[in-house]
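Chemist: can't give you the sequence, but here's the structure:
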């Protein structure tokens, strides 16, 4: 049995790899491979409440001995059932164990001691590129610190990107079985992982997820999360704003996609040729010029950013006034509701 433990690091294509493996579970199983998920939620056994997508902190909060015990139970049962099902490779991918591995290493070492192969694979990238991406993810999108969004200089001062200590500990625990991959060289973590694991022949469809957002979205997320004092998960912004906004087009691109281009108008001229010829006959009989059939000059689709910002500023002020009036009315209603009811006869 081969157990592949993909430990990240985060911001190295981990989400894309995980979603690719998750969506390809039937094809993988047919090839003798089980993908077990982030928290072993796809394992053939479900023994503990942390075995769900999002159960990371439930597991990491367990005491050391209990966490080891529970994980050993899931690992051992999974291997036993995999062998019975003719599965030869198990893949576990969870970047949360990159630097919180104390409960994960002993159960996997016990697996290796029984003769199974345990391969640890980690992706790294140049530190400056990694920390720039990490800041957008955990400094802005998923604000992990209380208070307003910190500028990069303050945020990075609290968390320098050091990967070697973690990799050194994994190498000591699994000598000869730590595989460090360079994302800058690979370019695509999904394709590189599948090739390294010997799964590229399956031609699995790649899923891209959690890509760096457009600057317009980053700006709105920063402004939104700065107004929230506590840490904020990315889905809060998505629920309030993101589902109503699209960041994949500029105003120019949006308008250009609506308006006709030269090919559209050329097609209209061709479709209306017979009608134009009939009209031109009447025009000629009246001494009028024929309708032109040459290329029509295109109108620009450019949107003035200054005018758009001015219009949005006016709307923002208008809506702010309306909200302030509604807040006053609500406060008055709450105050009236809090007054004691008058006694009968008063």
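Modeler: Sure thing, it's come through. Keep in mind the model is a prediction, meaning the values are calculated, not measured. Numbers count the residues shown, from 1 in each chain.
Chemist: Please count neighbours and contacts with C-alpha atoms only from this point.
Modeler: Fine.
Chemist: which secondary element of this protein has the worst mean pLDDT?
Modeler: helix 251-258 (a mean of 82; mean pLDDT, DSSP states H and E).
Chemist: Tell me which residues are up against the helix or strand just after it.
Modeler: Sequence-wise, the next helix or strand downstream of helix 251-258 (DSSP states H and E) is helix 262-271. Applying CA atoms under 8 Å, 6 or more residues apart in numbering, the external contacts of helix 262-271 come out as 293, 295-296, 298.
Chemist: Quick check: buried residues in helix 262-271?
Modeler: Across helix 262-271, burial judged by 16 or more other CA atoms under 10 Å covers 266, 269.
Chemist: ditto for stretch 300-309
Modeler: For stretch 300-309, by 16+ other CA under 10 Å, it's residue 301.
Chemist: Ends of that stretch, what's the gap?
Modeler: Using CA to CA, to the nearest Å, the end-to-end distance of stretch 300-309 comes out at 19 Å.
Chemist: mean confidence for that stretch?
Modeler: Averaged across stretch 300-309, pLDDT comes to 86.
Chemist: Outside of that stretch itself, list whatever touches it.
Modeler: 251-252, 255-256, 259.
Chemist: which residues touch the least confident helix or strand of the chain?
Modeler: Contacts of helix 251-258 (CA under 8 Å, 6+ apart): 301-303.
Chemist: Which of the residues you listed fall within helices?
Modeler: Per DSSP state H, helices hold no members of the contacts of helix 251-258.
Chemist: from the residues you listed, which is closest to residue 96?
Modeler: Using CA to CA, residue 303 is the member of the contacts of helix 251-258 that lies nearest residue 96, at 44.4 Å.
Chemist: shaky segments in this protein?
Modeler: Applying pLDDT under 70 to the chain flags residues 209-211, 344-346.
Chemist: longest strand in it, by residue count?
Modeler: If you go by DSSP state E, the chain has its longest strand at strand 117-124.
Chemist: how far is it from where the chain is centred?
Modeler: Its chain's C-alpha centre and that of strand 117-124 lie 23 Å apart, by CA atoms, centre = their mean, to the nearest Å.
Chemist: cool, and stretch 203-223?
Modeler: Computed by CA atoms, centre = their mean, the chain-centroid distance of stretch 203-223 equals 6 Å.
Chemist: contact partners of it?
Modeler: Contacts of stretch 203-223 (CA under 8 Å, 6+ apart): 15-17, 19-20, 24, 27, 133, 136, 140-141, 149, 190-191, 237, 247-248.
Chemist: just to revisit the earlier point, I'd like the contacts of helix 262-271 written out as a markdown table, with secondary structure added.
Modeler: Shown next, in a markdown table, are these (DSSP: H, G, I helix; E, B strand; the rest coil):
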| residue | secondary structure |
| --- | --- |
| 293 | coil |
| 295 | coil |
| 296 | coil |
| 298 | coil |
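Chemist: Between those residues, which sits nearest residue 161?
Modeler: Using CA to CA, the contacts of helix 262-271 come closest to residue 161 at residue 298, 51.9 Å.
Chemist: Excluding chain neighbours, what is closest to the closest one?
Modeler: Excluding its sequence neighbours, the residue lying closest to residue 298 (CA to CA, 6 or more residues apart in numbering) is residue 262, at 7.0 Å.
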